[in-house]
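1. I would like to see how this sequence folds:
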Amino acid sequence: MGIVRFLVLTVLLLGAFNALLQIAHVSGEVQIAILVLFWILSLFGKYLVGTVECIQIVSPGFERRIQHRYRSQLNQLRDLEFSPLFSHGEAFPLYRLLLIYPAFLFTIMVLNREVASIEDGSKLVFGYSILNSSDRTTYAHALQFGVKYHTLFQDDTILLTKNFGARKKYDSGVVLHMLKNGSISATWAEHQKQVQLLEATGKQINREINFQNYLKISRLA
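-> Below you'll find the model as predicted:
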């Protein structure tokens, strides 16, 4: 439902923006040109938004807000014997809000109930909970769209299994499996199956569970 909500909010915001253009008596040709510009900007969104800095969140208040937002996903993961590990933040330079497309994108994220905070007076941070499986093989990342499971192997291969989104191109060291619209438990079962298949080829799991290893994963997958 998260993706549907995101798309609905995007359409509503674009509709509201288009209505404002009409109220301002902007000609139809200019309206089309502006909407086409938005579409072109979306193709280069990651360059306009800027570099994403991955940080560990240490604010108790921020962490409580994250846990409250994703409590349903977190409860399901706890039922699968995952335990909270740390809170992870994706930080963007605050000045990017002065640019139209990043401001539009961040507005959509906030309206979609992602948990955000301004840190150090210069960074806009979106926070997420990271959990660890009881066998110390897998990180679980709860998002508004679904869940991602990551397992890091000693040769730096990353196994990623998720239940949402489209297939995108990852680094060559990332092995992707998708169970689109699958439940959190079914996706975890699929991930475990894929872990066993990779272990059967001789790959060994990196069981050093820490923020630095998670950073290595987050940069690539």
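
2. got the residue ranges for the helices in this structure?
-> 2-23, 28-43, 45-49, 60-69, 71-79, 100-111, 184-200, 211-220 (DSSP state H).

3. what average pLDDT does the longest one get?
-> Per-residue pLDDT values across helix 2-23 average out to 49.

4. same check, this time on the last one
-> Throughout helix 211-220, pLDDT has a mean value of 92.

5. mind listing what's buried in that helix?
-> 214, 217-218 (16 or more other Cβ atoms under 10 Å). For the C-beta atoms, the positions are set from N, CA and C on the backbone; glycine is no exception.

6. CA atoms of it as CSV?
-> In CSV, the C-alpha atoms belonging to helix 211-220 read as follows (Å, rounded to 0.1, in the frame of the first residue of the first chain):
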residue,chain,number,x,y,z
PHE,A,211,27.0,-0.6,11.9
GLN,A,212,30.2,-0.5,9.7
ASN,A,213,29.2,-3.7,7.9
TYR,A,214,25.7,-2.4,7.5
LEU,A,215,27.1,0.8,5.9
LYS,A,216,29.0,-1.4,3.4
ILE,A,217,25.6,-3.0,2.5
SER,A,218,23.6,0.2,2.4
ARG,A,219,26.0,1.8,-0.1
LEU,A,220,25.4,-1.0,-2.6
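
7. what lies in contact with it?
-> 54, 56, 85-86, 88, 130, 139, 150, 152, 156, 158, 170-171, 173-174, 206 (Cβ atoms under 8 Å, 6 or more residues apart in numbering).

8. please tell me I have it right and Gln194 contacts Lys162.
-> No: assessed by Cβ atoms under 8 Å, Gln194 is found out of contact with Lys162, at 11.8 Å.

9. before we move on, back to that, list buried residues within the contacts of helix 211-220.
-> Neighbour-count burial within these applies to 85-86, 88, 130, 139, 150, 152, 158, 206; the criterion is 16+ other Cβ under 10 Å.

10. closest to Ala200 out of the buried residues of helix 211-220?
-> Ile217 (21.9 Å; Cβ to Cβ).

11. which non-adjacent residue is nearest that closest one?
-> Leaving out its chain neighbours, the residue that sits closest to Ile217 by Cβ to Cβ, 6 or more residues apart in numbering is His150, at 4.8 Å.

12. dump the residue contacts of the one you found.
-> The contact partners of His150, taken as Cβ under 8 Å, 6+ apart, are 138-139, 141, 158-160, 214, 217, 221.

13. again, but for Glu63
-> 57, 87, 127, 129.

14. I'd say the last one and Arg71 touch.
-> Looking back up the chat, that one is Ser129. No: Ser129 is beyond contact range of Arg71, at 9.6 Å (criterion: Cβ under 8 Å).

15. so which of those two has more stuff around it?
-> Ser129 (25 against 12; other Cβ atoms under 10 Å).

16. where does this structure have low pLDDT?
-> 1-50, 97-106, 108-111, 166-167 (pLDDT under 70).

17. ok, back up a step: if I look at the residue nearest to Ile217, how far off is Lys162?
-> Per Cβ to Cβ, to the nearest Å, His150 is found 9 Å from Lys162.
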